[in-house]
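In: What shape does this take:
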Amino acid sequence: MQQFFTKTKRHTRQDGQAMLISVMFFLIISLALVVGFANPVAREFRVAGDIFNSKQAYFLAESGIEEAYYRIQNGLDPTLMNGKTLTLNGSTTTISVCPTACIGTQKVITSQSDVFSGQRKVSLTLDSGDGVTFHYGTIAGDGGINFKNNSYLRGDLYSNGNIVGSNGAYVTGTVIVAGATGSIDGMCIGVGNGTSCTLSGTAGSAYAHSITNSDVKGDAYYSSTYTGTKASEVSCPNSHCHSGSADYPPLAMPISDTDITNWKSDASTTVIDCGVSPTPSGCSGGTYTVSSAKSLGPVKIIGNLAVNSTLTVTNTIYATGNITFSSGSTTKLDATVYGGTTKKSGIIIADGRIKVSNGASFTDYSANSGSFIMILTTSTADDSAANGNACGGTNAITICNNADIVVANAQQGSIFFSNNATVKEIQAKTIRLWTNVGIIYGSGLINIDFTSGPSASWVISKWEETQ
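Out: Numbering: from 1, shown residues only. Here you go, the predicted model:
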C-alpha cells in the first residue's frame, strides 16, 4: 500500500511539472505572437506619424510661399522676406527670395520647412507682366461668325452668337454656340485634317440650341432643331444625335476692360502728340509714321500710327486713332526685352480701327517660342457690307491677305478676313471670313503673359515642390 501511494505522488508531481511546462510554452508563444503583431502596428504608427509630419511640413512651406507672394503683390520689398523664418506650433519654415539675385523680370521664392525632421521645400517663380488665359483658339461674341463660300477654320471655336456657313464652309475641330437661341446653319464640322466635307471622320462635334443643314463628323448636341443635319455620316435622328442637350453658357472674353485700361496707362509713360504745334518728329497730318526701321514702346501716340517699314516693339504701344500696317512692313519684338527665358509678349493697342495690308508680317522673338504679338482695338466698328477681296469696309480689324498674325483681338467690334491668315488666337464680337478664306492656327497656346510698362504686375509662371 505504501508503495502505491509513493507511485501516485510521483505521477502527480510529474503531471504538474508537465502542465507548468505547457503553460510556459503557451505564454512564450503568446508573447511571441503579441510581439509579432505589435511591431507592425508600431511601425504603422511611426509611418502615420511621419506622413502627418510631412504634410504639416508641406503646408507650412506653402504658408511661407503665400506670405512672400502676398507681400510682393502688394508692392512691398520682396528682399525683406529673404531669410525670414515663420513658426507654427513649434515648427519652422525659412523663406528665401531670389536665392542668387532678383534679376530683371523674374523672382524666385523658396520656402523650406522642418517638422520633427520631416522636411519639405516649395518653390515659386514669378514673372512680371499681365497674364491672360485663352481656352479656345477662336472666340466670337454676340455677333457670331459668318463663313462665306468655301471658307474654313482649322481648330476649335466657341461663339456666343450664331454661326452661319455657305457652300463648302467647314471647321476641322469642335464648335460650340452658346445660349438659348444659339444656332449653327450650313456648316461642315469636325473634318479633322481634311480639306472638305466630302471626307469622312470623327474629329469634332457640334453643340448648339439648334443645328440645321449641317454635316457633323462627330456627334451633334442640340436642344431642339436638327433639320437637314447629319451626325457621323448618318441623317439625324440616330445614336450620334443628342436631342434635348443643355445649352452652353455664354463665354466671357479673356481680356477685361481693366486689363486694357492698365495697358494703356503703362504705355502713357511716354507721349507723342501728333496734334500739337510744333509737330513732333515723325508726325504729319495727325499720323505718326514709321518710315524707316524704328523701335517704340512704351509709348502713347495721340493720333494715328502708320507702319511702313520695320517696327521693333520694346514695350506697349497705344494709338488713340487708327493703326495701319502697310504692305511689306514688319513688326517684331525686341530681342533684349522679349528674348531669353522671360517668355513675354508684346501689345499694340488702338482706339480706332486696325488694318493689316497684304504682305504685312508679324514675327515673335524667334529664339523664344513663348513670345507673341497681340494687336488689339477697342473700336466698336462692325461693317457687315465689307467688300471681301477688295479689303474694304470699316471693320474694327481688317486683315487683307496672308498676314502672319499671332493674336488679334476686337472684343467690341468685328474682325474681317479677306484672304488666308495664320493666327494663334482670335477674339472678336463678330468674325467674318470672305469666300475661300482660311484661318490656320499656328502652335496652340493657353496662357500668355504680357510685358506692359513699369506698373506691370507679377504673375505665377511656376509653383512646385522641389524637395
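
In: what ranges of the stretch 251-400 of the chain fall below the confidence cut-off?
Out: Along the stretch 251-400 of the chain, the parts satisfying pLDDT under 70 run over 340-343, 364-370, 385-390.

In: Run through the helices of it in chain order.
Out: Using DSSP state H, counting those that start in this stretch, the helices assigned to the stretch 251-400 of the chain run over residues 257-267, 335-338.

In: Which among those is found nearest to residue 178?
Out: helix 257-267 (20.6 Å; Cβ to Cβ). All C-beta spots, glycine's among them, are computed from the backbone N, C-alpha and C.

In: Counting by contacts, list what that closest one packs against.
Out: The contact analysis (3 or more Cβ pairs under 8 Å, 6 or more residues apart in numbering; DSSP states H and E) places helix 257-267 against strand 130-133, strand 299-302, strand 317-319, strand 346-350.

In: returning to what we had before: export the helices of the stretch 251-400 of the chain to JSON lines and tack on distance to residue 153 and mean neighbour count?
Out: JSON lines is the format used below for the helices of the stretch 251-400 of the chain (distance: least, Cβ to Cβ, whole Å; neighbours: other Cβ atoms under 10 Å):
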{"stretch": "helix 257-267", "distance to residue 153": "25", "mean neighbour count": "17"}
{"stretch": "helix 335-338", "distance to residue 153": "28", "mean neighbour count": "18"}
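
In: how about those helices in TSV, adding distance to residue 197?
Out: Shown next, in TSV, are the helices of the stretch 251-400 of the chain (distance: least, Cβ to Cβ, whole Å):
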stretch	distance to residue 197
helix 257-267	38
helix 335-338	41
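
In: Tell me which of the ones you listed lies nearest to residue 119.
Out: Of all the helices of the stretch 251-400 of the chain, helix 335-338 comes closest under Cβ to Cβ, at 38.1 Å.

In: any idea how far residue 378 is from residue 319?
Out: 11 Å (Cβ to Cβ, to the nearest Å).

In: just so I know, which of the helices of the stretch 251-400 of the chain lies nearest residue 29?
Out: That would be helix 257-267 among the helices of the stretch 251-400 of the chain, by Cβ to Cβ, at 75.9 Å.

In: Run the angle between the closest one and strand 346-350 for me.
Out: 100 degrees (axes from the mean of the first three to the mean of the last three Cα atoms, to 10 degrees).

In: So what's the gap between helix 257-267 and the chain middle?
Out: 20 Å (Cα atoms, centre = their mean, to the nearest Å).

In: Dump that helix to CSV, keeping only the CA atoms.
Out: The C-alpha coordinates for helix 257-267 follow below in CSV (Å, rounded to 0.1, in the frame of the first residue of the first chain):
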residue,chain,number,x,y,z
ASP,A,257,-11.6,96.2,-69.7
THR,A,258,-9.4,96.7,-66.6
ASP,A,259,-6.6,94.9,-68.4
ILE,A,260,-6.9,97.2,-71.4
THR,A,261,-7.1,100.3,-69.2
ASN,A,262,-3.9,99.3,-67.3
TRP,A,263,-2.0,98.5,-70.5
LYS,A,264,-3.0,102.0,-71.9
SER,A,265,-1.8,103.6,-68.7
ASP,A,266,1.5,101.7,-68.9
ALA,A,267,2.1,102.9,-72.4
